[in-house]
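Colleague: attaching a predicted model along with its sequence, questions to come.
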There are 2 protein chains.
Amino acid sequence: MTSELQGRVRPVEVDRTSPVPLYFQVATRLQELIEKGEIGVGARIENEVDLAERLGVSRPTTRRAIQYLVERGMLIRKRGVGTQVVHPKVRRPVELSSLYDDLVAGDRAPRTEVLRLEVMPAPDLIANALEVAPGTPVTWIERLRYAGGEPLALMHNAIPLDVLPLTQDDLATHGLYELLRRNGLTPRIATQVIGARSATSAEAKTLTEKRGASLLTMTRTAWDAGGRALEYGSHVYRASRYSFELNLSAG
Amino acid sequence: MTSELQGRVRPVEVDRTSPVPLYFQVATRLQELIEKGEIGVGARIENEVDLAERLGVSRPTTRRAIQYLVERGMLIRKRGVGTQVVHPKVRRPVELSSLYDDLVAGDRAPRTEVLRLEVMPAPDLIANALEVAPGTPVTWIERLRYAGGEPLALMHNAIPLDVLPLTQDDLATHGLYELLRRNGLTPRIATQVIGARSATSAEAKTLTEKRGASLLTMTRTAWDAGGRALEYGSHVYRASRYSFELNLSAG
DNA sequence: TCCTGGAGTTTGTCATGACAAAGTATTGAC
DNA sequence: GTCAATACTTTGTCATGACAAACTCCAGGA
């Protein structure tokens, strides 16, 4: 019960000429120390006041750095006690990225086949999800996504025409989210529903599954920072090849 | 193009005698105004400096209140532009709650049947998920969850014995998370994997589904603020009756 | 022995002041 | 009239100072 938990952080230098905010420099450095295990799980880090003084930054700056890691689930703070390492890895909140990006990052050789691409007036269901008037022109896309040479997912998307016109070539070589971002459209908020159902015979054939095989379903609507609906998607994944991973943290 | 977007917030009073932090009072009041539609979607709110002055609080306090709503997806900020309402409802991040709590909240009359409850040494898979030594004593639970009189989910959980001893009676009438919280154990971080598969004949029978019906699967490990693993769960849900809803926001 | 009270530690909240950076709008030159 | 430079607005970052609240620990009294 003495000072066994008093893991002291090593010197952290800040670069005031850098355009990177100081609080972020401090947070990044702390994160490195924790990920490398130099500050072990369970250890308390230096208190805010001392840490600030040693780094030559103000206490609010130090606080903000620590807060950043608290929100990511690495640290917890207790008033009167201190700040403790609870997990050596960053637990990201659920990410807002496309399947394509995920596969690229996971080195699973994605390929996309565009089955259909047409402009049509939005039916009620889609108009409702996108919060636009029924009949608003949208680009309707059906794509088959392969990974490692095998079909993985059948994807249906609707993108309002005035958000972004899309071509077959773009979609064959890039993820939808990448195309959105490239045009300055950044998804910021999304609502998703994840469920499951059995494959229809057409779906089974397309995905090279048996009829009645279990499929994961995901429908999503994504909005940009301005509150404009960018995309509605209704996808089915081969449950035998794919699952969703989530990291949650509660306030 | 004049000032149509300049929705000004009405007077907001702060109560300095209240134990509720000022930033939270301001945030709550702003949230109310937005939810009631008094500040419409797309409207800009007053700038930080003016708002602070009018409320008689400092700019950091105002900033913190606004930041709180930004993180919840109601507002977005742009440097040089201002702060804009993008959504009239709070978009909560994915919640860390149990199915039981959700059903109670949704008024779906949950009922729980405890099929099995025993203490056993943790097998490798579970020990691994809980990050404890293999063989550590855990309480192993199998429960059948009903909603609206019908079976909804078959739930398997492992709780380390030194975290919390459990009895059959407790579990029949309360959700697992409620029991944890009641004993001062608050889940703070969790990792989940959501997938799907076909029901085995035993599962189908228990859940009154046809053999081969699609089931949603969810495995989860939850940790408390101290980084201690509280619970490992492996559940299957009737896909015909249940799906997961998520709200995401990307920084 | 127990437990109550107070001192000390550490994070939580709040104020004030200052400058930087990123947009927007206006003005002026060509 | 068009375009570029400039002024202005608004949020982003940072410092300093102060007090409050929650927790731990130890000493003293019942």
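Modeller: Structure received. Numbering: from 1, shown residues only, chains lettered A, B, ... in the order given.
Colleague: low-confidence ranges, chain A, go.
Modeller: Counting by pLDDT under 70, the low-confidence segments of chain A come to A:1-12, A:90-109, A:226, A:249-251.
Colleague: helix or strand for A:I159, which one?
Modeller: strand A:150-160 (DSSP states H and E).
Colleague: next up, the contacts around A:P151.
Modeller: A:L144, A:R145, A:T206, A:L207, A:T208, A:R238 (C-beta atoms under 8 Å, 6 or more residues apart in numbering or on different chains). Where C-beta positions appear, they are placed from N, C-alpha and C, glycine not excepted.
Colleague: list the ones among those residues that fall in helices.
Modeller: Within the contacts of A:P151, residues falling in helices by DSSP state H are A:T206.
Colleague: got a PyMOL select line for the buried ones in the contacts of A:P151?
Modeller: Applying 16 or more other C-beta atoms under 10 Å in any protein chain shown to the contacts of A:P151, the buried members can be selected in PyMOL as follows:
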select buried, chain A and resi 144+145+206+207+238
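Colleague: closest to chain B out of the contacts of A:P151?
Modeller: Minimum distance to chain B across these is 9.3 Å, recorded for A:R238 (C-beta to the nearest C-beta).
Colleague: on that earlier part again, just give me how far the strand holding A:I159 sits from the chain centre.
Modeller: Strand A:150-160 sits 18 Å away from the centroid of its parent chain (C-alpha atoms, centre = their mean, to the nearest Å).
Colleague: I'd like the next helix or strand past it.
Modeller: helix A:168-173.
Colleague: who in the stretch 51-200 of chain A is up against DNA strand C?
Modeller: Contacts of the stretch 51-200 of chain A with DNA strand C, taken as C-beta under 7 Å from any atom of the strand, map to A:R59, A:P60, A:R63, A:R77, A:K78, A:R79, A:G80, A:V81, A:G82, A:T83.
Colleague: give the contact list for the first one.
Modeller: A:R59 makes contact with A:E48, A:V49, A:A52 under the criterion C-beta under 8 Å, 6+ apart.
Colleague: now it: phi and psi?
Modeller: Main-chain dihedrals, A:R59, degrees, to the nearest 10: phi -70, psi -40.
Colleague: quick one on the thing from earlier: which strands border the strand holding A:I159, and is each parallel or antiparallel?
Modeller: Partners of strand A:150-160 in the sheet, by DSSP bridges, are strand A:137-147 (antiparallel), strand A:229-238 (antiparallel).
Colleague: highest mean neighbour count out of the ones you listed?
Modeller: Among the strands paired with strand A:150-160, ranked by average contacts under mean count of other C-beta atoms under 10 Å in any protein chain shown, first place goes to strand A:229-238 (a mean of 22).
Colleague: off-centre distance for it?
Modeller: 15 Å.
Colleague: is whatever helix or strand comes next after that strand up against chain B anywhere?
Modeller: Tracing the chain past strand A:229-238, the next element assigned as helix or strand by DSSP H and E is strand A:244-249. Yes. Counting by C-beta under 8 Å from any C-beta of the partner chain, chain B has neighbours in strand A:244-249: A:F244, A:E245, A:L246, A:N247, A:L248, A:S249.
Colleague: who's in contact with A:A239?
Modeller: Contacts of A:A239 (C-beta under 8 Å, 6+ apart): A:A196, A:A213, A:S214, A:L215, A:L216, B:G195, B:A196, B:R197, B:S214.
Colleague: for it, which non-adjacent residue is closest in space?
Modeller: B:A196 (3.7 Å; C-beta to C-beta, 6 or more residues apart in numbering or on different chains).
Colleague: number of residues surrounding the one you found?
Modeller: The tally of other residues near B:A196 (other C-beta atoms under 10 Å in any protein chain shown) stands at 30.
Colleague: a helix runs through it, doesn't it?
Modeller: No. Counting by DSSP: H, G, I helix; E, B strand; the rest coil, B:A196 is not found in a helix; it is strand.
Colleague: for it, give the beta-bridge partners.
Modeller: Beta bridges link B:A196 to B:L216, judged by DSSP bridges.
Colleague: that one against B:M218, yeah?
Modeller: No. The pair B:A196 / B:M218 is not scored as a contact, 10.0 Å apart, by C-beta atoms under 8 Å.
Colleague: show me the contacts for the residue in the stretch 1-150 of chain A positioned nearest to DNA strand C.
Modeller: Residue nearest to DNA strand C within the stretch 1-150 of chain A (C-beta to the nearest atom of the strand): A:N47, separated by 3.1 Å. By C-beta under 8 Å, 6+ apart, the residues touching A:N47 are A:G82, A:T83.
Colleague: quick one: contacts for A:S58?
Modeller: Neighbours of A:S58 in contact, by C-beta under 8 Å, 6+ apart: A:A52.
Colleague: what are the buried residues along the strand holding A:I159?
Modeller: A:P151, A:L152, A:A153, A:L154, A:M155, A:H156, A:N157, A:A158, A:I159, A:P160.
Colleague: DNA strand C: which of those is nearest?
Modeller: For those, the nearest to DNA strand C is A:P160 (21.1 Å; C-beta to the nearest atom of the strand).
Colleague: so what sits opposite that closest one in the bridge?
Modeller: A:V138.
Colleague: from memory it sits against A:W140, does it?
Modeller: No. Counting by C-beta under 8 Å, A:P160 sits too far from A:W140 to count as a contact (11.0 Å).
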